[in-house]
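next one to model:
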Amino acid sequence: MYLATTDAVATAAKRGRTRRPRTRGRVTGPVLALGAVSLVTDISSEMVAAVLPLYFVLGLGLSPLAFGFLDGLYNGATAVVRLLGGYAADRGGRHKLVAGSGYLLSALSRLGLLLAGGATAGIGAAIAADRLGKGVRTAPRDALISLSSPPDGLGRAFGVHRAMDTTGALLGPLAAFALLWITADAYDAVFVVSFCFGLFGVLLLVAFVPGRAALPGVGPSAGTSAASAARARALPRPRPRKALTLLRVPAFRRVCAAAALLGAATVGDAFLYLLLQRRLDFAESYFPLLPLGTAAVYLLLAVPAGRLADRVGRRVPFVAGHGALLVAYLLLLLPTGGRPLLVGVLLALGVFYAATDGVLMALATPCLPADRRASGMAVLQTGQALSRLVAAAGFGAAWTLWGIGAALTCAVLALTVAVAGAAALLRPTEGRPVAAGETPQEQPAPTTPPEGTA
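Residues are numbered from 1 along each chain as shown. I've put the predicted structure just below:
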């Protein structure tokens, strides 16, 4: 019996059919710990994000153009430090330290909003600090998720993390709404409570998230072949400018180009919420509740979208999610009103985030070597942040100069072209599901010029 079993296993191994433990569906401890940190931190950030449009436009009287600049800064200032954050995390494997620094900076920025008062410059500085903190932490955090997850479960891992993160996004506006109601629109109270939640998130990271060296999923046994590991070791030590050489990998370059193209046609959520408030003319005190609808849909669909991406390929939901965003634009452009407009826009926004946010990181992961993971994700996120900065500023300018209708028409046309372009850039084979026991998609290591050359 023993010999027969041994022979059968040997024969299966020769034919490449040796079964390995199935890892799909498994979410590791570091992912859950990072999800808890993001949950608490997102309560902090979304408390502020929920009231900022009202604070800027209605409380301070800023024009749509000025708000567009600040909203673009809120989403695009991260580009300044993303590459440095990715470099610092990859150099010596200090992912946890770098991510923690970013979380702490974002928490302290809430105190900056208190000190700024009504000064636009001070508010801009506080917002920039918050976004700099997000820029520092995002790539190391996503690299920790990818390095501690099996390759055939990346979509689910990012989906679980984004679902926990979105739970915080769901609770944050509720907390802001309750505080504004209790304190009679005292924005300072929102900023103080937001700071306390942000600081608690930092403490959770320190206590429960393992360091880079403690992760269970790094090395050949985690789905990286010996050949790819050798190529990764042959690469020069990570440097900020060297991160851009990852764009020489064709598959990664296409992912970055598609993300930047779509980001340049993505209008910020705050604009869409302001348009809803103007179209439906509801009380300003209910404005912080608008993100709740988006967050609820995102929460329900994040994990199913990640699992679907692992099964059918990550390209399909990523492109389709931007189609859902296009539906939101069209609903605001068409003469739709009342409850159908409100439910339709919030539902489309939730589907958009569920199908694109974590899926994009899972789509890019197989293109990047393990020791350059944070740097590569920083390059991808930087391109997307810069393109969204351009989109927010452009939409604000179009709204100010031409009116809401013309601005929305431009946004619809731009996103339609971007979706078609992204579908053409991303090949059907990219982002395909990885079978259990199979190594992830191997890409040739990027070549780098000799030291001292241009």
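
which SSE is G93 in?
According to DSSP states H and E, G93 maps onto no helix or strand at all.

likewise for A328?
Counting by DSSP H and E, A328 is part of helix 315-333.

so how far is the following helix or strand past that helix off the chain centroid?
Per DSSP H and E, helix 315-333 leads on to helix 338-364 as the next helix or strand towards the C-terminus. Relative to its parent chain, helix 338-364 has a centroid offset of 13 Å by C-alpha atoms, centre = their mean, to the nearest Å.

ranges for the helices of the stretch 101-250 of the chain?
For the stretch 101-250 of the chain, the helices defined by DSSP state H, counting those that start in this stretch cover 120-147, 154-182, 187-208, 226-234, 250-263.

a markdown table for those, including mean neighbour count and mean pLDDT?
All C-beta spots, glycine's among them, are computed from the backbone N, C-alpha and C. A markdown table is the format used below for the helices of the stretch 101-250 of the chain (neighbours: other C-beta atoms under 10 Å; pLDDT from 0 to 100):
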| stretch | mean neighbour count | mean pLDDT |
| --- | --- | --- |
| helix 120-147 | 24 | 84 |
| helix 154-182 | 24 | 88 |
| helix 187-208 | 19 | 90 |
| helix 226-234 | 13 | 43 |
| helix 250-263 | 22 | 94 |
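
nearest to L39, out of those helices?
Nearest to L39 among the helices of the stretch 101-250 of the chain is helix 154-182 (4.2 Å), distances taken as C-beta to C-beta.

just checking, what packs against the closest one?
helix 29-53, helix 120-147, helix 187-208, helix 290-312, helix 338-364 (3 or more C-beta pairs under 8 Å, 6 or more residues apart in numbering; DSSP states H and E).

and the ones you listed as JSON lines, adding distance to P250?
Listed next are the helices and strands packed on helix 154-182 as JSON lines, based on distance: least, C-beta to C-beta, whole Å:
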{"stretch": "helix 29-53", "distance to P250": "29"}
{"stretch": "helix 120-147", "distance to P250": "20"}
{"stretch": "helix 187-208", "distance to P250": "36"}
{"stretch": "helix 290-312", "distance to P250": "21"}
{"stretch": "helix 338-364", "distance to P250": "13"}
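
out of the ones you listed, which gets nearest to R279?
Evaluated over those, closeness to R279 peaks at helix 338-364, with 6.4 Å, by C-beta to C-beta.

give me the angle between that closest one and helix 120-147.
50 degrees (axes from the mean of the first three to the mean of the last three C-alpha atoms, to 10 degrees).

the inter-axis angle of helix 338-364 versus helix 250-263?
Interaxial angle of helix 338-364 relative to helix 250-263 (the same axes, to 10 degrees): 160 degrees.

would you reformat the helices of the stretch 101-250 of the chain as CSV and include distance to C410?
As requested, these are exported to CSV (distance: least, C-beta to C-beta, whole Å):
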stretch, distance to C410
helix 120-147, 25
helix 154-182, 28
helix 187-208, 32
helix 226-234, 43
helix 250-263, 16
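
any idea which of the ones you listed gets closest to V419?
With C-beta to C-beta, the closest approach to V419 among the helices of the stretch 101-250 of the chain belongs to helix 250-263: 7.1 Å.

ok, which of the helices of the stretch 101-250 of the chain comes nearest Y273?
For the helices of the stretch 101-250 of the chain, proximity to Y273 was assessed by C-beta to C-beta; helix 154-182 is nearest, at 10.4 Å.

how distant is that closest one from the center of its chain?
From the chain centre to the centre of helix 154-182 is a distance of 14 Å (C-alpha atoms, centre = their mean).

mean confidence for stretch 282-292?
For stretch 282-292, mean pLDDT is 76.

export it as PDB, just CAs?
Taking C-alpha atoms only, stretch 282-292 is exported to PDB below (Å, rounded to 0.1, in the frame of the first residue of the first chain):
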ATOM      1  CA  PHE A 282     -32.100  68.900   1.000                       C
ATOM      2  CA  ALA A 283     -31.000  70.400   4.300                       C
ATOM      3  CA  GLU A 284     -27.300  71.000   4.700                       C
ATOM      4  CA  SER A 285     -27.200  69.100   8.000                       C
ATOM      5  CA  TYR A 286     -27.900  65.900   6.000                       C
ATOM      6  CA  PHE A 287     -24.900  66.400   3.700                       C
ATOM      7  CA  PRO A 288     -22.500  64.300   5.800                       C
ATOM      8  CA  LEU A 289     -24.800  61.300   5.400                       C
ATOM      9  CA  LEU A 290     -24.300  61.200   1.600                       C
ATOM     10  CA  PRO A 291     -21.000  59.200   1.800                       C
ATOM     11  CA  LEU A 292     -22.800  56.600   3.900                       C
END
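
who's in contact with that stretch?
By C-beta atoms under 8 Å, 6 or more residues apart in numbering, the residues outside stretch 282-292 that reach it are 46, 49-51, 53-54, 58, 169-170, 172-174, 176-177, 180-181, 185, 269, 273, 276-277, 346.

and that stretch, what's buried?
Buried residues in stretch 282-292, defined by neighbour count with 16 or more other C-beta atoms under 10 Å: 287-288, 290-292.

equivalent analysis for stretch 385-398, please.
Neighbour-count burial for stretch 385-398, counted by 16+ other C-beta under 10 Å, picks out 385-389, 391-396, 398.

repeat that for stretch 83-98.
Judged by neighbour count using 16+ other C-beta under 10 Å, the buried positions of stretch 83-98 are 83-91, 93-98.

now, which of those residues sits nearest Y329?
Using C-beta to C-beta, the buried residues of stretch 83-98 come closest to Y329 at L83, 31.1 Å.

the closest one against A374, yeah?
No - L83 is beyond contact range of A374, at 10.0 Å (criterion: C-beta atoms under 8 Å).

circling back to that earlier point, what is the helix holding A328 packed up against?
For helix 315-333, the elements it packs on are helix 269-280, helix 290-312, helix 338-364, helix 404-425, judged by 3+ C-beta pairs under 8 Å, 6+ apart.

just the angle between the third one and helix 315-333, please?
Relative orientation of helix 338-364 and helix 315-333, computed by the same axes, to 10 degrees: 150 degrees.

next SSE after helix 338-364?
Using DSSP H and E, the first helix or strand after helix 338-364 is helix 373-402.

mind pulling up the pLDDT for the spatially closest residue to A163 that is not a sequence neighbour?
With sequence-adjacent residues excluded and distances taken as C-beta to C-beta, 6 or more residues apart in numbering, A163 is closest to A302, at 4.1 Å. pLDDT, A302: 93.
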